[in-house]
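Enquirer: coords below, sequence missing:
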């Protein structure tokens, strides 16, 4: 990964040192807020990891790696395939999932197949402002002008096809989004601006209390509902386990949830997750036996405060963190 670290574009955030999903989210927030962005392209590559062309990938790696032994090793690794009922089926396309090298090679593939081209297109052909943020195979591109967006999308589809990739026809969307989207759509008699999902959050146009444009980020609703159901089901299965051990497990779940989703504007869902899971735990405790009746909500508050982390904002506003990360 160190070989390519100096080559990768600044808007690439996936699987790179000192770059995280929240860095990508911050960059997107800042880009839309500070640049003249009126349209968003949410580009979704269909089955990206399963469609990587081996020959193209080896050519890309060969640009920076001259060691033939290393190239042969990568080729063998790509051809490993899968074993089903004792028979090995060689893999002719795609990269094996779960390997530590797979994300790096995926980054290399998209660096040459998409990033370099997108960067050059922005500098040479774009009429207005263009922002790009990519995390692994998730890419969001913002445009000032619709004509730029439509031209870019058309040429991106052609570019992806050249390297054996395809944009998902349904999940890939070009929407009106930005500080003027709501007023422009109102003038045309249309509804509220559409939303888009990126890295677990639904992004929507909103306003602050002072009436200024802002981007609201909420956890994707389907993921929230699914996560709550999973935790509640696990608590039922742990009904007769040691209380402290279950508390430690629930602590790790809630802490992990907060560490990612506790961003400004999403705290109502974070609190809801906390309330739903802790109440579900109390419910399972009360069902253990007749002795469980002692676990009233009032008596269990002390237990919950002792074992479960309090709800708190885990991430600052994007502008604050971005300023610290990229000071002038």
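Expert: Arrived safely. This is a predicted model, so every value here is computed, not measured. Numbers count the residues shown, from 1 in each chain.
Enquirer: Which element, helix or strand, includes residue 320?
Expert: Residue 320 is part of helix 318-325 when elements are defined by DSSP states H and E.
Enquirer: any idea where the helices of the stretch 1-150 of the chain begin and end?
Expert: For the stretch 1-150 of the chain, applying DSSP state H, counting those that start in this stretch gives helices covering 2-5, 21-34, 48-51, 54-62, 68-78, 102-110, 116-124, 146-162.
Enquirer: Report the distance from the longest one to the chain centre.
Expert: Yep, that's helix 146-162 we're talking about. 22 Å (CA atoms, centre = their mean, to the nearest Å).
Enquirer: do the fifth one as well
Expert: In this view, helix 68-78 has its centroid 30 Å away from the chain centroid, taken as CA atoms, centre = their mean.
Enquirer: what comes up buried for that helix?
Expert: For helix 68-78, the neighbour count (16 or more other CB atoms under 10 Å) marks 74, 78 as buried. Any C-beta I mention is one placed from the backbone N, CA and C, and that applies to glycine too.
Enquirer: And the longest one, by the same measure?
Expert: Taking 16+ other CB under 10 Å as the neighbour-count basis, helix 146-162 is seen to contain the buried residues 148, 149, 151, 152, 153, 156, 159, 160.
Enquirer: do the same with stretch 202-218
Expert: Within stretch 202-218, the residues that qualify as buried by neighbour count (16+ other CB under 10 Å) are 202, 203, 204, 205, 214, 215, 217, 218.
Enquirer: give me the element the first one is part of.
Expert: Residue 202 belongs to strand 201-207 when assigned by DSSP H and E.
Enquirer: roughly how far is that strand from the heart of the chain?
Expert: With CA atoms, centre = their mean, you get 15 Å for strand 201-207.
Enquirer: Stretch 241-252 now?
Expert: Its chain's C-alpha centre and that of stretch 241-252 lie 29 Å apart, by CA atoms, centre = their mean.
Enquirer: which residues of this structure score low on pLDDT?
Expert: 1, 81-90, 289-297, 322-328 (pLDDT under 70).
Enquirer: Could you identify the longest helix within it?
Expert: helix 267-287 (DSSP state H).
Enquirer: Quick check: buried residues in that helix?
Expert: Using 16+ other CB under 10 Å as the test for burial, helix 267-287 gives 267, 269-270, 273-274, 276-278, 280-282, 284-286.
Enquirer: Would you reformat those as TSV and include distance to residue 223?
Expert: Below are these laid out as TSV (distance: CB to CB, whole Å):
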residue	distance to residue 223
267	17
269	10
270	13
273	11
274	16
276	14
277	15
278	20
280	18
281	21
282	24
284	23
285	27
286	29
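Enquirer: got a list of contacts for stretch 54-72?
Expert: Residues outside stretch 54-72 that contact it (CB atoms under 8 Å, 6 or more residues apart in numbering) are 3-4, 7, 74-75, 78-79, 92-93, 95, 105, 108-109, 111-113, 163-164.
Enquirer: swap the cut-off to 7 Å and go again
Expert: The contact list for stretch 54-72 (CB atoms under 7 Å, 6 or more residues apart in numbering) reads 3-4, 7, 74-75, 78, 93, 105, 108-109, 112, 163-164.
Enquirer: closest to residue 184 among the residues you listed?
Expert: When these are compared for distance to residue 184 (CB to CB), residue 163 wins out at 35.8 Å.
Enquirer: If we ignore the residues flanking it in sequence, what's nearest that closest one?
Expert: Setting aside the residues directly before and after it, residue 163 is nearest to residue 113 in space (CB to CB, 6 or more residues apart in numbering), at 4.3 Å.
Enquirer: And for residue 8?
Expert: The shortest distance from residue 8 to any non-neighbouring residue, by CB to CB, 6+ apart, is to residue 111 (5.8 Å).
Enquirer: ok, now which ones touch that neighbour?
Expert: Neighbour list for residue 111: 7, 8, 12 [criterion: CB under 7 Å, 6+ apart].
Enquirer: Many thanks, have a good one.
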